[in-house]
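Asks: Coordinates for the following, if possible.
(one chain, ligands or ions: 1)
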Amino acid sequence: MNVILIGFMGSGKTTIGKMLSGAAGYRFTDTDELIELREKRKINDIFATDGEEYFRDLETAVIKEIANTMDRTVISVGGGLPVRDENRTYMKQNAVTIYLRATVDSLCKRLGGDTTRPLLKGDDLRQRIESLMEKRSRIYEEAADFVLDTDSLLPSEVVEKLLEFLKQCDAV
Ligand code: S3P
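Replies: Numbers count the residues shown, from 1 in each chain. Sure thing, here's the model as predicted:
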């Protein structure tokens, strides 16, 4: 059994994933990190040189491999990964999925000044976030076995609530 964390960019998947894996005695991995390691270049470079579709194909290859090879691992997946139907099939294979939900307001605060995310480049961050969220929020909600609103919680409180959920699933 694995634990997959989904959510918008800046929703804390990596930070929470690392803390949760330690607390649950799981390993930790991150699909963006795996992709950058394999490609030996940053996501910004992948998008700029080969385009978004190429990156999305890399994501599909990575989530397929994870589903077939990893166990007792907390997996933080890129914000766009759950959008492809095929990827959601792999996500369901041997994992519970948790959606770390945050409001546009808090995402705006967290993502202001970020230069690492190609989809947020340019003017009007709020509008970019809103338009992506409009396309994705239902997908995130439907893909999740558990949705947690994180805006008013400290990271340690998020982890506590996720551990409670994992206990209910007999995953810890
Ligand atoms: C993306 C999210 C990013 C990264 C890429 C595209 C997206 O990951 O995969 O920049 O489409 O939402 P994080 O959610 O970890 O920032």
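
Asks: in the protein, what spans have low per-residue confidence?
Replies: For the chain, not a single residue meets the criterion pLDDT under 70.

Asks: near the ligand, which residues of it?
Replies: 9, 13, 32, 43, 78, 79, 80, 117, 118, 119 (C-beta under 6 Å from any ligand atom). Glycine gets a C-beta too; all of them are placed from N, C-alpha and C.

Asks: List buried residues within the residues you listed.
Replies: In terms of neighbour count (16 or more other C-beta atoms under 10 Å), the buried residues within those are 9, 13, 32, 43, 78, 79, 80, 117, 118.

Asks: So the fourth one is in contact with residue 114, correct?
Replies: The reference is to residue 43. No: when contacts are counted by C-beta atoms under 8 Å, residue 43 is not listed as touching residue 114 (11.9 Å).

Asks: Select the longest strand from the chain.
Replies: strand 95-101 (DSSP state E).

Asks: That one - which strands sit beside it in the sheet, and in what orientation?
Replies: strand 2-6 (parallel), strand 146-149 (parallel) (DSSP bridges).

Asks: In CSV, could you pull the C-alpha coordinates for it?
Replies: The C-alpha coordinates for strand 95-101 follow below in CSV (Å, rounded to 0.1, in the frame of the first residue of the first chain):
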residue,chain,number,x,y,z
ALA,A,95,-2.6,3.4,-3.1
VAL,A,96,-4.9,5.6,-1.1
THR,A,97,-5.1,9.2,-2.4
ILE,A,98,-5.2,12.3,-0.3
TYR,A,99,-6.1,15.7,-1.6
LEU,A,100,-4.5,18.6,0.2
ARG,A,101,-7.0,21.3,-0.6
